[in-house]
Structures are given as structure tokens and as C-alpha cells.
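**Student:** have a look; sequence and predicted model below, questions after that.
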Amino acid sequence: MQAQWLGSEQCKTCHEVEYQQWQGSHHDWAMRPARAPFVLGDFSDITFEHFGDKSRFYRKGEDYFVDTQNAQGKLQSFNVAYTFGFYPLQQYLLQMPKGHLQALTIAWDSRPATEGGQRWFHLYPNEKIGADDPLHWTGAYFNWNSRCAECHSTNLQRNYQPETHSYQTQWSEVNVACEACHGPGGAHLKWAKAGANGADKKISRLHANGRWVLKAGEFIAKREQGPRVQGEQSNQISVCGSCHSRRRLLGEKRPHDAGETFQAQHALQSLMEPLYHRDGQIQDEVFVLGSFMQSKMYQHGVECSNCHEPHSLALKAPGNAVCSQCHVPAVYDQPKHHHHPVDSRGAQCVNCHMPETNYMVVDPRRDHSLRIPRPDLSDESGSPNACVQCHQDRSNEWASKHFKNWLRDAGKPLPKKTALAETEPGKLLSRVSQEPPVVAATILERLAQAPSHQSLLVAQSRLHHAEPMLREAAVNFLAVLPLPQRVQELLASLDEPVMAVRLAIARQTLGADLSTLDSEQSRALKGLWQDYWQSLLFHQDTAAGQLNLGLYHLAFAQLDLAEARYRKAITMEPMHLGAHLNLADVLRQRGKTQESLRLLRKISRALPQSAAAQHALGLALVRHKDYESALQALKEAAKLEPSNRRYGYVYAVALHSSNRSREALLQMRSMAKQFLLDAQGQQFLRQLEQLNR
């Protein structure tokens, strides 16, 4: 039976208090029709100029319009269809043909004028974003239907039409309303009208799990049920995290089922650079969950609503009081602990343990990993620390000195280095079993870049772990093995129930020889591949989606179909790097080597700062025996992305092949200081050492 979506007005009849709390919240304002009083920006015939491009904001009766640069670089009038958010900035969705909505990159700063607000500003204030730039507002990255919609409206149905590249996107409520979190209310209403006896299992109940108790003589409250156990994930974390995370949706978003983990519908992005700093602090816009899951709070069972009121989204208490719900203020809200004057900025718990990073120019977001600041590690890891983020006129060395003195005076040892800040393979491996799942999964991903027998054994031991995230990471680690061996390793996992892990298994077994399997195994593997195909089709409205569909075809040696997908990706996103590189490779495999080389030259000129493009061009030039040009391209790739060990290694090999073994040795020595060298890299380094004695 189809679920019945009622709407928040119906919920209000029984849940008046919660409804009133929700009114005016960020969820309530997530998206609104472009009508007064929802439009906060100044549309009184205002002209905003950015690097010579002028945009005009004005009204015609009740309608709002923007005259701005279109996809061809010409001035055009656009109707504002919806508002998007409201504080500290409000964006505007402009109506485009074929049901596309695009988010304008000129936004309204809705902060008070005293804080620098009440003005139009560009999301890329220091760059000229022309119509041919991938970051232009008319491009794929600012398409609402594929990028933003599912988390800003209730019961969203994308309804993409691939034949015409059009949308018929629909929703039951335009904003994030009651049923966005609790699921469709039809069955719940019937339950209530029938007498409301017992607990209702037809609606998602999102209360935080457990009661927090402060025992005599202790200074931090603990959950009565004890810390989180392996595999445990609350409904609340799964539901809130479905939007408040950097993740990939695995199919059409559906109401959350009780007891279902986050990985049933999503694949969480790991803590790898450049999304996160090397030690796991937020860097790019990662939306909380990956950050929070690193924290001791999460491991001990803290959930979103322990700190945030779930309907208004406001903090449960002002200032440090939200922390002192569990942390005794007589111990923690004291200068002896925070080493700053009472009521100063430095005395605020969040400023040390949840430092802010600005996104979208004016929107500060707090890091939810709730870590101890480590200025003593910043120079080593390249990661920031809260101390000098506040004391901007001071150095890491200055902050580190004070930090160590505080610990010495308190008789405390230096805390153990965070796992992700480790660089030695052995130390990383030793931390896998001690760390939260999201950290352990990231360690496996990092170790896969330079695999060893020991790290493979560790990954294999996690293939049946209680935590889905670790199972998924272990499956992905197996990419270091040849396909037949991968398949053998994964045969015992073909009945995997969690979708994110199922799709990882499918991805790592694509193209396997089914004749080597029995009928049951073959049937199970085909089922996994079908699930994966359907998941890929869900994202076919994006260039990245088309790229992945091409990779699917490539795994089965369907070169013509793969080529068609890559070309479609480039049509959708003309400067999509991955599509160009993969298309060039397919063209090479099909014997069209000159066309392949022309394509690589073209994308390298268009994206001169792309290390991947330079690297691919260098390899192609080697195949064409233009060794001098190849060496220059490979050198540029290694220079542009020094954190990529493959680029550095290939450049070193190219130097050696060009009889420049001394330079190759210096390159490999530099890499050995920075990276975990795999067995091949270590052997090459030893060979170069012998040659240069």
C-alpha cells in the first residue's frame, strides 16, 4: 500500500508545541516560494557588479526577477522561483527550461548591517566566474534538482527524464517539514484515531537513546546504557545524518525504517583530503556527520538532540550551559581548565573544541569532532588548530609552547597523537582496532594507497565486522588485488544485507568470470550487479553519474557503450575532467590514438592546474615516444599535486628512464619522507641508491 503524506498542518492538530517550535527554524525556511515575506534580499531595482558583470534585482508586482549573465554569457531576465535558506545568507533558485532550477551564485547576506550584512555578494568574491567556467551558476554544480533538492524539501521525487535531460521534480511540502524526518503520517493518523494504544511503529520515533546520569564523585555524565557498541546506530543519527553529511545517496530517498543504519541508503565520504585535513578536521563543506562520528561524544552515545532542540534546531542551552549538561562546570568551566579569563571568547567551550570554518563567504560552521587542540602537531600535519585560529597574530610554535606548559603544570602527559595524523604504516595499522569506525575506515583507505601484506590481512579481517562502514572500507581495500582473487575473497559476503556494502562488493567484482562460480554464487553476483546498475541510473542526470555508468560498461569490455556514456558526460559538463580522461583511454583502446592524444592536449590546455590531466597527457606522450614532452608533463603533474604518490613515482621512473637517475633518486627520497612507500616503491628507491653510490 502506498504511503500517505499528510503535511505539517495535519500534524499540527495533535503536535501543536512541536509545530510552533519548528516554525521559523532553518528547516521551515529551507525552501520557500519567492513571495513576500520569504524573500529577504533587496529587489528594489538594485544593480550588483562582480568583475565587470552586472546583475539587476527587481520586482514586477508580486514576482521577483534577476537580469544576469546566462549560459552563453549574455544578459537575460530570469524569474526567481524559490528562496533557499535564510540565515546567514539566502540564495535564490531561478527557473530554467525543462524543469531545471539553478541556484544563483549571487546571494543575499541576511546578517544585520552591523555585522556586515544586508548586502548582495558573490559566492566566489575573488574570482571572475565566466559563462564557460564550471562554477558558473548555470552549470551542473548549481543545479538544484540533482545537487540540493533532496535535503531541502519533503518527500522529494526527482523524476528525471534521461531522453530529454529534463525534470518533473515534485514534493509533498516545499520545505523540510515533519514528515521529512518522521516519515509519511497516514498510517500514524489511523493509529491515533483508533485509540492510540501502545507504541506506534508506523512513524519514525527519533528520541535520543538513553538517559544521562552523573554519578557521585564523577565529573562527566554517562549514558545509563553504556557507550555505543559495535554496529549500534540510532534512528536519530541515521535520519539527521541523511542530510547533515557529505555522502552519496544510493537511490531514491525513502522514509527511514526503524533500526536501519545510515549505510542502508547512503555511502558516507571518508575523512580523506581534501574534504578533511590530514588529522580529520573539517576542510571542505562536509556537513557534520563525518566530523561528529570521530568524536568521543559519539562513541559514548551522544546524539544530535542531546545538544540541539530537534524542532527549533536551537541549542538546548546558551553558551557553555549546553556542555555543562554533562560536564561539571565547577571543573570544566574554570580558568584552570580553559586557561582564559572568565566569559572571554577563549572561555567558550566551542571555540577551543569546535572551531569554526567559513563556507559560502559568511557561513561559519563548527567542527563537530570535539577534539583537543593540538598546536604542537600543526606544522607536522599541515592541519589547523583552534589556538592560532583565534590568536591570528601568533604562531603554531607559540601556541604549542603554552599548550605543553599547561599540561606540565597540571601534571598531565602529552595526549596521544590522533590516528589520522600518523604517517608510519605500522603505527596506522596498530590504530585500526582502537579507533571509531569512520576513522578506522579512513585508515584502511589511506593504507590501500601503499598496500602491504599486513594491511591486507587487517582489511580481510574486517570483511565481516559488525560496523557496515568498516565492511565497506575492507571491500574497497581489495581493489589492490587482481579481479579473480577479489571475487574469491568476497564470495562469503554475497548475502551482505546493507546496501552501501552490497554496492561496494558489486563495484569490486564487476566483470568477473561467472563460469568459475557455481549457480548460486553466479545468481547472487548478478543480483549485486543489478543493484549497482540501478544505483548508477539514479545519478544519470549528472556527468559523474554518466562517468560511473561508463566505468560499468568498461568492466564488461563494452567499449562502445562506455564511450557513449563518457561523451554524454562531457555534453552535460564540458570541462568534466574524469570524463575526458576516461574517454581518451577508451579511444586509445579502440585504436584511435591520435584522437585520444588530441583530447588530452585539449583538456590539459583547458585545465592547466589539473595534475591528473598533465599526468594522463604525460603517459600518452610516452606511448607516442615524445619523451621530452612527456617528462615535462609528468613533472608538472608531480609539482601540481605533491600529495599524490603515484604522480611522484611515475615522474621518478620517467627521470630514471631518461638517464637522470640522480634526479630520480632525489625525487624518491623526497617521497619517502612524505609517504608510505609500497613494496615496489621501496625496491625502486633501493635500486636508485645502488646506482648513485
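**Tutor:** Structure received. What you see is a predicted model; the values in this text were computed from it and never measured.
**Student:** hmm, who's touching stretch 68-81?
**Tutor:** 33-34, 39, 53-56, 63-67, 92-96, 101, 104, 106, 130-132, 136-139 (CB atoms under 8 Å, 6 or more residues apart in numbering). To be clear about C-beta, it is placed using only N, CA and C from the backbone, and glycine gets the same treatment.
**Student:** please parse this structure into its domains.
**Tutor:** 29-167, 212-371, 608-693 (automatic domain parsing).
**Student:** as JSON lines, those with distance to residue 406 and mean pLDDT would be great.
**Tutor:** Shown next, in JSON lines, are the domains of the chain (distance: least, CB to CB, whole Å; pLDDT from 0 to 100):
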{"stretch": "domain 29-167", "distance to residue 406": "33", "mean pLDDT": "97"}
{"stretch": "domain 212-371", "distance to residue 406": "6", "mean pLDDT": "95"}
{"stretch": "domain 608-693", "distance to residue 406": "31", "mean pLDDT": "93"}
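**Student:** let me know which of those domains is the nearest to residue 443.
**Tutor:** The closest of the domains of the chain to residue 443 is domain 212-371. By CB to CB, the value is 9.2 Å.
**Student:** ok so, going back, right, and the domains of the chain - which one's nearest residue 457?
**Tutor:** domain 608-693 (14.7 Å).
**Student:** measure that closest one end to end?
**Tutor:** End-to-end distance of domain 608-693: 38 Å, with CA to CA, to the nearest Å as the criterion.
**Student:** which helix in this structure runs the most residues?
**Tutor:** helix 519-538 (DSSP state H).
**Student:** in stretch 552-560, what counts as buried?
**Tutor:** Within stretch 552-560, the residues scored as buried using 16 or more other CB atoms under 10 Å are 552, 553, 554, 555, 559.
**Student:** show the contacting residues for residue 603.
**Tutor:** Contacts of residue 603 (CB under 8 Å, 6+ apart): 575, 577, 580, 581, 584, 610, 613.
**Student:** so which of those are in helices?
**Tutor:** Short answer: the contacts of residue 603 in helices (DSSP H) are 577, 580, 581, 584, 613.
**Student:** doesn't residue 578 make contact with the last one?
**Tutor:** Translated: residue 613. No: contact criterion CB atoms under 8 Å: residue 613 and residue 578 do not qualify, at 10.3 Å.
**Student:** before we move on, the earlier item: now neighbour count and distance to residue 219 too, for the contacts of residue 603, in JSON lines please.
**Tutor:** Shown next, in JSON lines, are those (neighbours: other CB atoms under 10 Å; distance: CB to CB, whole Å):
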{"residue": "575", "neighbour count": "18", "distance to residue 219": "55"}
{"residue": "577", "neighbour count": "18", "distance to residue 219": "52"}
{"residue": "580", "neighbour count": "26", "distance to residue 219": "57"}
{"residue": "581", "neighbour count": "21", "distance to residue 219": "55"}
{"residue": "584", "neighbour count": "26", "distance to residue 219": "61"}
{"residue": "610", "neighbour count": "21", "distance to residue 219": "52"}
{"residue": "613", "neighbour count": "26", "distance to residue 219": "55"}
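**Student:** that older thread, let's have the ones in helices among the contacts of residue 603 in a markdown table, adding distance to residue 338.
**Tutor:** Listed next are the ones in helices among the contacts of residue 603 as a markdown table, based on distance: CB to CB, whole Å:
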| residue | distance to residue 338 |
| --- | --- |
| 577 | 46 |
| 580 | 52 |
| 581 | 50 |
| 584 | 56 |
| 613 | 48 |
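**Student:** residues near residue 324, how many?
**Tutor:** 16 (other CB atoms under 10 Å).
**Student:** give me the spatial nearest neighbour of it, chain neighbours excluded.
**Tutor:** residue 333 (6.0 Å; CB to CB, 6 or more residues apart in numbering).
**Student:** all helices of the stretch 101-250 of the chain, in order?
**Tutor:** 144-147, 178-182, 186-193, 235-241 (DSSP state H, counting those that start in this stretch).
**Student:** dump these into CSV; add mean neighbour count as well.
**Tutor:** As requested, the helices of the stretch 101-250 of the chain are exported to CSV (neighbours: other CB atoms under 10 Å):
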stretch, mean neighbour count
helix 144-147, 21
helix 178-182, 24
helix 186-193, 16
helix 235-241, 23
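**Student:** do you know which of those helices lies nearest residue 483?
**Tutor:** Of the helices of the stretch 101-250 of the chain, the one closest to residue 483 (CB to CB) turns out to be helix 144-147, at 31.5 Å.
**Student:** helices or strands up against that closest one?
**Tutor:** Applying 3 or more CB pairs under 8 Å, 6 or more residues apart in numbering; DSSP states H and E, one finds that helix 144-147 contacts strand 101-103.
**Student:** please list the residues outside the strand it packs on that contact it.
**Tutor:** Counting by CB under 8 Å, 6+ apart, residues outside strand 101-103 touching it are 81-82, 84, 91-96, 137-138, 142-145, 147-149, 169.
**Student:** just the buried subset of the residues you listed, written out for ChimeraX, thanks.
**Tutor:** Per 16+ other CB under 10 Å, the buried members of the contacts of strand 101-103 correspond to this ChimeraX selection:
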select :81,82,84,91,92,93,94,96,137,138,142,143,144,145,148,149,169
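**Student:** the contacts of stretch 68-81 in strands, which ones?
**Tutor:** 33, 53-56, 63-67, 92-95, 101, 106 (DSSP state E).
**Student:** just the buried ones from those residues?
**Tutor:** Using 16+ other CB under 10 Å as the burial test, the ones in strands among the contacts of stretch 68-81 include 53, 55, 64, 65, 66, 92, 93, 94, 101, 106 as buried.
**Student:** from residue 129, how far out is the last one?
**Tutor:** Distance check for residue 106 against residue 129: by CB to CB, to the nearest Å, it reads 10 Å.
**Student:** which residues are common contacts for these two?
**Tutor:** Joint contacts of residue 106 and residue 129 (CB under 8 Å, 6+ apart) are 50, 122, 137.
**Student:** closest to residue 474 out of those residues?
**Tutor:** residue 137 (40.7 Å).
**Student:** contacting residues for the closest one?
**Tutor:** The neighbourhood of residue 137, defined by CB under 8 Å, 6+ apart, consists of 68, 94, 102, 103, 104, 105, 106, 129.
**Student:** how about these, which pair is most distant?
**Tutor:** Longest span within the contacts of residue 137, CB to CB: 94 and 129, 15.4 Å.
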